[in-house]
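Engineer: next one to model:
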Amino acid sequence: MPRHDDAVTRRDFLNGIALAIVAGVAPGMLFAPRRAAAASPPAATGFQGSAPGSYEVAHDLRDGKRYDLDRVAVSERVDLVVVGAGISGLAAATYWRRRRPQARILILDNHADFGGHARRNEFHVDGRLLLGYGGSESLQSPTTLWSDEAKAFIADLGVDPARFESAFERTLYPSLGLSRGVFFMREAFGVDRLVTGDPLRMVADDIAPDAMNARSVQDFVGDFPLPEASRAKLIDVFVSTRDPLAGKTTAQKEAYLDRISYRDWLMRHWGLDATTADVFYGRPLDFFAVATDAISAREAFDTGYPGFLGVGIERDADAMKEMDEPYIHHFPDGNASLARLMVRKLIPGVAPGSTMDDIVTAAFAYDRLDPPGGRTRLRLGSTVVAVRNRGGAVDVGYVRDGDFVRVRAAKVIAAGYHMMVPYMMPTLPERQRDALAANVKAPLVYVKVVVRNWQPWVARGVHEVSNPMGFYSRVKLDYPVSLGDYRFPRRPDEPMVLHLVHVPVVRGSGIDLRTRLRAARTELYTMPFATFEARARDELTRIVGPGGFDADRDIVAITVNRWGHGYSYAGSLLDGDDGDGGKVPALARRRAGRVAFANADAAWDPYAHAAIDEARRAVDELLGKATG
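Structural biologist: Residues are numbered from 1 along each chain as shown. Model prediction:
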């Protein structure tokens, strides 16, 4: 449903929190995309996430290839097939196991590792283990945003959110005098310049408000490489109490902010020219996976962007919760530890230990994930291409190593991307297939760069940099978390994992958001690994090179965690209902015979707690709601 950008309503905007190569030096680029041994997928090299080999079968299905279930015999019979081994699929299997202890469960996933977007990256530097997160990174605001059921679920896994209060060292970077900064690239602003002391808070910040080492707005903006008149207008955006919507009612103001983009808000109502407005352009990419021309002014207001001091409306209550709860509930490998806890619980003997601390360094035996005769079997590299309700059972067809295999299950929980479901289940009602396909996800990439030390960052006075017009919109030192036997590199002379975020962006007015996201995804899949490496070397050199960084000398490893289908829509319900007044997501996740739908996609909300809640709902739909 195309619409001009200026008319885009809040329903169209994205939200999200949120999305290892060790090689020798070679001529030209330092690193080449190699594959690691299958015994240790977290240490795999080159592209991870939506990596070559993980999506080709699905794309063939999308492009018209069909699979006839009747041409192959049933090879296996189980009580439950779970499609997708991400957080929601694993949670569904865990809930099912609680209620059906003797059930035979088969989990199928197309990737080389389990966890879905909760991807673990492992690096070994001079005999030391370093961990990174390749996607889903933290438990977002567990005190305020999580349901009681989701809280109980992770508690049963042994996860106590309070443990992160000591594991996450919030004072490390502030104690070294480090702040956040903004990097101005010469291609956009005429000069390369890093400006430190950024006073803007992050959404759900991990740094305490009084420890940001921030400068005043006047001093901070005063160092921007912009004309004096432009800097003066920017300062007004931050500090002025002028109401650009004076004379409108509160309802009128809210409706207007819902339908104008933040970029247009800055240019129309604060008089910023295009170059000055670019100071903010890519800043939302990490959180929203779209830039300021595709988030509404209301979303920007709710998440703490400047320009609204005098508007006189209240911020969204849920946004306030996200902003106010510290963003510290983070395992060293992100939510991969949550996935690992579930797999360890589901498959006895796959990994040692029993606590949230020891899961961080527990060695997983990947050759035991699919044990013959096991009550729970997790089969990687298996792309489901057909799901059919057939009388008292469900036939599931999947492709593995080029072979088409048929499994029969009593029930199925589809916990993968919802956009895939219409191709797997073409006999669903057309309106439900349309609803499932409507959730066009935003692509994003988390790139991990391991460096020999982080002294150049200390020399430059920053731990995190917003790069609003760069290839990498966010560049930062990793979260300082030590848990169990894992020790974070606290000293600047120790090796460090850097976190770089790339979100492909398609600019242009008159293009609806879904079309832009599809075009951005196509662009992403055409980028070779060398592009990500070259841009990382270039932008890191320009940002921290003056502090002593040398890419040839200091870079040890690079991993590109590419997610063609990244953030799902959040808090957004598209136009339409299911005839009973329900919105599109409710129609999309409606049970189909013996098949129920899970995944965070079912909530259109890219959070771990949403994935868990949707898993519980799907299990309840197939088994009846649990009691007691």
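Engineer: any idea whether the residue of the chain most remote from its centre is helix, strand or coil?
Structural biologist: The C-alpha centroid of the chain is most remote from residue 247, which lies 40.0 Å away (C-alpha atoms, centre = their mean). What DSSP: H, G, I helix; E, B strand; the rest coil gives for residue 247 is coil.
Engineer: all helices for the stretch 501-628 of the chain, in order.
Structural biologist: Using DSSP state H, counting those that start in this stretch, the helices assigned to the stretch 501-628 of the chain run over residues 513-526, 529-544, 551-554, 584-588, 608-623.
Engineer: tell me what the first one is packed against?
Structural biologist: When you say that, I think you mean helix 513-526. The contact analysis (3 or more C-beta pairs under 8 Å, 6 or more residues apart in numbering; DSSP states H and E) places helix 513-526 against strand 442-451, strand 555-567. Every residue, glycine included, has its C-beta placed from N, CA and C.
Engineer: bridge partners for the nearest residue to residue 474 once chain neighbours are set aside, pull those for me.
Structural biologist: Nearest non-adjacent residue to residue 474, counting by C-beta to C-beta, 6 or more residues apart in numbering: residue 501, 4.2 Å away. Beta bridges link residue 501 to residue 446, residue 474, judged by DSSP bridges.
Engineer: out of the helices and strands packed on helix 513-526, deepest packed?
Structural biologist: Mean neighbours per residue, mean count of other C-beta atoms under 10 Å, is largest over the helices and strands packed on helix 513-526 for strand 442-451, with a mean of 26.
Engineer: distance between it and the chain's centre?
Structural biologist: Relative to its chain's centre, strand 442-451 lies at 10 Å (C-alpha atoms, centre = their mean, to the nearest Å).
Engineer: can you name the secondary structure element that comes next after it?
Structural biologist: helix 455-460 (DSSP states H and E).
Engineer: tell me the mean pLDDT over that following helix?
Structural biologist: For helix 455-460, mean pLDDT is 98.
Engineer: does residue 355 really touch residue 157, like I thought?
Structural biologist: No - if you go by C-beta atoms under 8 Å, residue 355 and residue 157 don't touch, sitting 9.8 Å apart.
Engineer: check contacts around the closest residue to residue 327 other than its chain neighbours.
Structural biologist: Setting aside the residues directly before and after it, residue 327 is nearest to residue 204 in space (C-beta to C-beta, 6+ apart), at 4.0 Å. Residues in contact with residue 204, defined by C-beta atoms under 8 Å, 6 or more residues apart in numbering, are 17, 140-141, 322-323, 325-327.
Engineer: just residue 151 next, same as before
Structural biologist: residue 142.
Engineer: tell me which of the helices of the stretch 501-628 of the chain lies nearest to residue 216.
Structural biologist: The minimum distance between residue 216 and those falls on helix 529-544, with 23.1 Å, by C-beta to C-beta.
Engineer: and the angle for the closest one with strand 442-451?
Structural biologist: Orientation of helix 529-544 against strand 442-451 (axes from the mean of the first three to the mean of the last three C-alpha atoms, to 10 degrees) gives an angle of 60 degrees.
Engineer: now do helix 529-544 against strand 555-567, angle only.
Structural biologist: Here helix 529-544 runs at an angle of 110 degrees relative to strand 555-567 (the same axes, to 10 degrees).
Engineer: for helix 529-544, name the packing helices and strands.
Structural biologist: strand 179-184, strand 442-451, helix 455-460, strand 474-477, strand 496-502, helix 551-554, strand 555-567.
Engineer: related to what we said a few turns ago, distance to residue 273 added to the helices and strands packed on helix 513-526, as a markdown table?
Structural biologist: Listed next are these as a markdown table, based on distance: least, C-beta to C-beta, whole Å:
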| stretch | distance to residue 273 |
| --- | --- |
| strand 442-451 | 28 |
| strand 555-567 | 30 |
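Engineer: mean pLDDT and distance to residue 99 added to these, as TSV?
Structural biologist: Formatted as TSV, these follow (pLDDT from 0 to 100; distance: least, C-beta to C-beta, whole Å):
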stretch	mean pLDDT	distance to residue 99
strand 442-451	96	35
strand 555-567	95	30
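Engineer: residue 435: which of the ones you listed is closest?
Structural biologist: So among these, strand 555-567 is nearest, using C-beta to C-beta, at 16.6 Å.
Engineer: ok, and what's touching the helix or strand bottoming out on mean pLDDT in the chain?
Structural biologist: Among the helices and strands of the chain, helix 317-324 carries the lowest confidence by mean pLDDT, DSSP states H and E, at a mean of 72. Residues outside helix 317-324 that contact it (C-beta under 8 Å, 6+ apart) are 17, 140-141, 144-145, 201, 203-205, 302-304, 571.
Engineer: just to revisit the earlier point, of the helices of the stretch 501-628 of the chain, flag the one that's most buried.
Structural biologist: helix 608-623 (a mean of 24).
Engineer: phi, psi for the residue farthest from the centre of the chain please.
Structural biologist: Main-chain torsions, residue 247, degrees, to the nearest 10: phi 100, psi -10.
Engineer: that one and residue 312: what is the separation?
Structural biologist: Distance of residue 247 to residue 312, given as C-beta to C-beta, to the nearest Å: 12 Å.
Engineer: also residue 392?
Structural biologist: For residue 392, the distance to residue 312 - C-beta to C-beta - is 61 Å.
Engineer: the more surrounded of these two?
Structural biologist: residue 312 (13 against 7; other C-beta atoms under 10 Å).
Engineer: do I have it right that the more buried one meets residue 257?
Structural biologist: No - under the criterion of C-beta under 8 Å, residue 312 makes no contact with residue 257, lying 11.6 Å away.
Engineer: residue 343 - that's part of a strand, no?
Structural biologist: No - assigned with three-state DSSP, residue 343 falls outside any strand and is helix.
Engineer: what's around it, how many residues?
Structural biologist: A count of neighbours around residue 343, defined by other C-beta under 10 Å, yields 22.
Engineer: for the protein, give me the ranges with low pLDDT.
Structural biologist: 1-39, 319, 509-510, 569-582, 628 (pLDDT under 70).
Engineer: how about stretch 51-61: buried residues?
Structural biologist: Burial within stretch 51-61, assessed by neighbour count using 16 or more other C-beta atoms under 10 Å, is assigned to 51, 54-55, 57-58, 60-61.
Engineer: what residues are up against residue 560?
Structural biologist: With C-beta under 8 Å, 6+ apart, residue 560 has these contacts: 33, 46-48, 445, 447, 529, 532.
Engineer: if you set the cut-off to 10 Å instead, what comes out?
Structural biologist: The neighbours of residue 560, taking C-beta atoms under 10 Å, 6 or more residues apart in numbering as the test, are 21, 31, 33, 45-49, 51, 134, 445-449, 500, 502, 527-529, 531-533, 536.
Engineer: tell me the spacing between it and residue 45.
Structural biologist: From residue 560 to residue 45 the distance is 10 Å (C-beta to C-beta).
Engineer: circling back: could you redo the buried residues of stretch 51-61 as a markdown table and give each row distance to residue 615?
Structural biologist: Output for the buried residues of stretch 51-61, formatted as a markdown table (distance: C-beta to C-beta, whole Å):
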| residue | distance to residue 615 |
| --- | --- |
| 51 | 25 |
| 54 | 22 |
| 55 | 23 |
| 57 | 24 |
| 58 | 21 |
| 60 | 28 |
| 61 | 24 |
